[in-house]
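Undergrad: coordinates for the following, if possible.
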Amino acid sequence: MSVRKPPRSIGTPQLHFCIETGREEDRRWIAEIGEIPGVLSYGESRKQAKAKAHALALRVIADKVEQS
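TA: Just a heads-up that it's a prediction; the model follows:
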C-alpha cells in the first residue's frame, strides 16, 4: 500500500498593476491601467477608482484565459 502525501499548497503570485490616476473637471477620480487595453474606471474617491480598475483588470485577464 502506498502512502499518499497531502498536496503542497501552491502560492498564487501577486499581481501588481501600474494604475495611473487623475481628477476630472467634474471632480470624479479616474484610474487607468495602460498595460491592459480598456481598463479605465471612475470613482468618487481615488481609492474607489483604483479598486474598480483593479477589479476590471482581473476580469479582463480571466476572460482572456477562458478564451485561450
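Undergrad: CA atoms for contacts and neighbours, from now on please.
TA: Fine.
Undergrad: buried set for stretch 33-52?
TA: Ile33, Val39, Leu40, Ser41, Tyr42, Gly43, Arg46, Gln48, Ala49, Lys50, Ala51, Lys52 (16 or more other CA atoms under 10 Å).
Undergrad: got the contact list for the residue lying closest to Arg28 once chain neighbours are set aside?
TA: Among residues not flanking Arg28 along the chain, Glu44 sits closest, at 5.4 Å (CA to CA, 6 or more residues apart in numbering). Residues in contact with Glu44 (CA atoms under 8 Å, 6 or more residues apart in numbering) are Arg27, Arg28, Trp29.
Undergrad: any quick ChimeraX command for the buried ones out of these?
TA: Buried residues among those (16+ other CA under 10 Å), as a ChimeraX selection:
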select :29
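Undergrad: which among the contacts of Glu44 gets closest to Leu15?
TA: Trp29 (22.4 Å; CA to CA).
Undergrad: may I have the phi/psi pair for the closest one?
TA: phi -90, psi 140 (degrees, to the nearest 10).
Undergrad: distance check, it against Ala55.
TA: 16 Å (CA to CA, to the nearest Å).
Undergrad: repeat that for Leu15.
TA: Relative to Ala55, and taking CA to CA, Leu15 is found at 11 Å.
Undergrad: lowest-pLDDT helix or strand in the protein?
TA: Lowest on mean pLDDT, DSSP states H and E among the helices and strands of the chain sits helix 46-67, with a mean of 94.
Undergrad: three-state assignment of Thr21?
TA: strand (DSSP: H, G, I helix; E, B strand; the rest coil).
Undergrad: wait, it sits on Trp29?
TA: Yes - if you go by CA atoms under 8 Å, Thr21 and Trp29 touch, sitting 6.9 Å apart.
Undergrad: hey, what's in contact with both of these two?
TA: Arg46, Ala49.
Undergrad: how about the contacts made by the residue nearest the centre of the chain?
TA: When CA atoms, centre = their mean is applied to the chain, the residue found nearest the centroid is His54 (3.1 Å). Going by CA under 8 Å, 6+ apart, His54 touches Phe17.
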